[in-house]
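**Q** Okay, sequence plus prediction incoming.
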Amino acid sequence: MRSIRVNFVLVSAAIISAVLILAAFIFLALFSQNLERRVHEELKNYVNQLAAEIEFTPDGQLLPPAGLSDLRFENAYSGLYWQIDDSEVGQQLRSRSLWDVVLQLPDDGHDVAEVHRYVLDGPEYTKVVVQERVLVVAAPSGARMLRLAAAMDQSVITNARDQFLKDMIPYLLALGGLLLLGTFLQVKIGLRPLERVSVALDEVKNRKASRLEGDFPIEISRLTEAVNDLLASQKDALERARKRSGDLAHSLKTPLTVIRTNAEKLIENGKTITGDEIVELTEQMEANIRHELLRSKLTPTPDARKSDADATNLINDVVRTLKRVPMSAELVWDLELPDQCVIAMDPHDLRELLGNIIENASKWAAAHVAISGAVRPSEGSFQLTIEDDGPGVEPARIASMMERGKRFDESTPGTGIGLSIVKEITEIYSIPITIQNRQSHGLSICVHLPLAGGQRQST
């Protein structure tokens, strides 16, 4: 899924590109207009100079103007031309720059002194911009009507326009790059509050905080307040559910004790079938009650977590306790653990998790239980592996091992709820757990416990 930052930058890039292209057309049009205005002003000046230089010979012939100082009028096909037409006597004067070419002025009669502008064919297949004016001047033979025209090669305009565009493009690209950089910085700074919200949500997810903490902008403060209200409501609902579950479990313990006592009396009175059945049902109910009591003690929210837990000390305590149990006293315990390993879990929850796994291994082990741990700083986890040399489990049944009440050997003591507690704790803390048979014999359970932040591990 595309990020908001990428969307902002792409939209900004599209808008900036469109604006710069439009700006290029506008600047080019303004430059062309100003250049054409200057060209026509220049041609107008040349026409006025031609008018000021009009002279006749005594017999009424036009004299070539002598006051035009621009050398381009003297060089053939230089791009700057003038022409005077005297239609009454059939005389035509042209600048040397026209050489053997005649500007074909259109026969579109216009008022005296009115300026006309054209684009006509010029020398050597070029186009020229022409400015023409009709004047009535006094000649020896009387008033004469003359057509005065000055022309400039149109390539002067087009080449200047093209060069302007060529010079402008790098600056527009640089401007576009700066605008994109500014947009990226603006987006980066503008989205920082959302990044803080994401970090705060990760803190809640990782059970390091119970609400979104921080000073957020007004635009997203309503969002964070709504999330905090939802988290508070969820916490209250969970606390009430845990309290009801614990109260119910405690309220059932006394009646079950009475029922169990009565069942034992039935057995003593010879009604063993009925008594044994009641005792078995009572044991199942008591197991369920213990399960619910354990669940009610699990830490549901980060703020309810009293502290982090030292996995090494906790494992050593569990092993010392199991060594006092006759069933596990003869086992060989092989522990390879760091001197200290602080886990981001409530001590009670970690004890329930590891205690049930280690106790399960001790029940099934034939003679040996191995517990090893390795810190994975890059993963932020402590990989703990607990192995036994027991019979293992059929591969098809491994997936259902942590289902509540699941037992694979009725001769082995237990209620079948230990691994279901393990499953609940791993789900609460999002802890990966792997169960598999060893290559030789026995079972291997591997869990990746979350390391507490900022700790230094020693081995």
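**A** Sure, I can see it. Residues are numbered from 1 along each chain as shown.

**Q** Ser372 against Trp333, yeah?
**A** No: the criterion here is Cβ atoms under 8 Å, and Ser372 misses it with Trp333 at 11.7 Å. All C-beta atoms are positioned from the backbone trio N, CA, C, and that covers glycine.

**Q** Compare those two (neighbour count), which wins?
**A** Higher neighbour count among Ser372 and Trp333: Trp333, with 17 against 14, using other Cβ atoms under 10 Å.

**Q** what's downstream of the helix or strand hosting Arg397, the next helix or strand?
**A** Counting by DSSP states H and E, the element that carries Arg397 is helix 395-398. Using DSSP H and E, the helix or strand that follows helix 395-398 in sequence is helix 418-429.

**Q** By neighbour count, which bits of that following helix are buried? Give me those.
**A** Residues of helix 418-429 classed as buried: 418-426, 428-429 (neighbour count, 16 or more other Cβ atoms under 10 Å).

**Q** who does that helix touch, helix- and strand-wise?
**A** On a contact count with 3 or more Cβ pairs under 8 Å, 6 or more residues apart in numbering; DSSP states H and E, helix 418-429 meets helix 272-297, helix 347-364, strand 433-437.

**Q** State the mean pLDDT of the helix holding Arg397.
**A** The average pLDDT within helix 395-398 is 78.

**Q** what's the answer for stretch 200-217, then?
**A** pLDDT averaged over stretch 200-217 gives 75.

**Q** Quick check: end-to-end length of that stretch?
**A** One end of stretch 200-217 sits 14 Å from the other (Cα to Cα, to the nearest Å).

**Q** Figure out how far it is from the centre of its chain.
**A** 20 Å (Cα atoms, centre = their mean, to the nearest Å).

**Q** buried stuff in that stretch?
**A** 200, 203-204, 207-212, 216.

**Q** farthest-separated two in those residues?
**A** Arg207 and Phe216 (21.4 Å; Cβ to Cβ).

**Q** what about the residue nearest to Gln436 when sequence neighbours are not counted, neighbour count?
**A** With sequence-adjacent residues excluded and distances taken as Cβ to Cβ, 6 or more residues apart in numbering, Gln436 is closest to Ser444, at 5.6 Å. Neighbours of Ser444 under the rule other Cβ under 10 Å: 17.

**Q** Would you map out the domains in the chain?
**A** When the chain is parsed with automatic domain parsing, its domains come out as 6-160, 218-296, 305-450.

**Q** Mind telling me which of those domains the model trusts least?
**A** Among these, domain 218-296 carries the lowest mean pLDDT, at a mean of 76.

**Q** could you show me where the strands are in the protein, in order?
**A** 80-86, 91-94, 115-121, 127-139, 142-153, 309-310, 332-336, 342-343, 368-376, 381-388, 433-437, 443-450 (DSSP state E).

**Q** closest one to Lys235 among these?
**A** So among these, strand 443-450 is nearest, using Cβ to Cβ, at 20.7 Å.

**Q** Phi, psi for Glu53 please.
**A** Main-chain torsions, Glu53, degrees, to the nearest 10: phi -100, psi 10.

**Q** Am I right that it is in contact with Ala66?
**A** Yes: the pair Glu53 / Ala66 is scored as a contact, 6.4 Å apart, by Cβ under 8 Å.

**Q** what about these two, which has more around it?
**A** Glu53 (15 against 8).

**Q** quick one: contacts for the nearest residue to the more buried one once chain neighbours are set aside?
**A** Counting by Cβ to Cβ, 6+ apart, the nearest residue to Glu53 once its immediate chain neighbours are dropped is Pro65, at 3.3 Å. Contacts for Pro65 (Cβ atoms under 8 Å, 6 or more residues apart in numbering) come out as 49-50, 53-55, 82, 84, 93.
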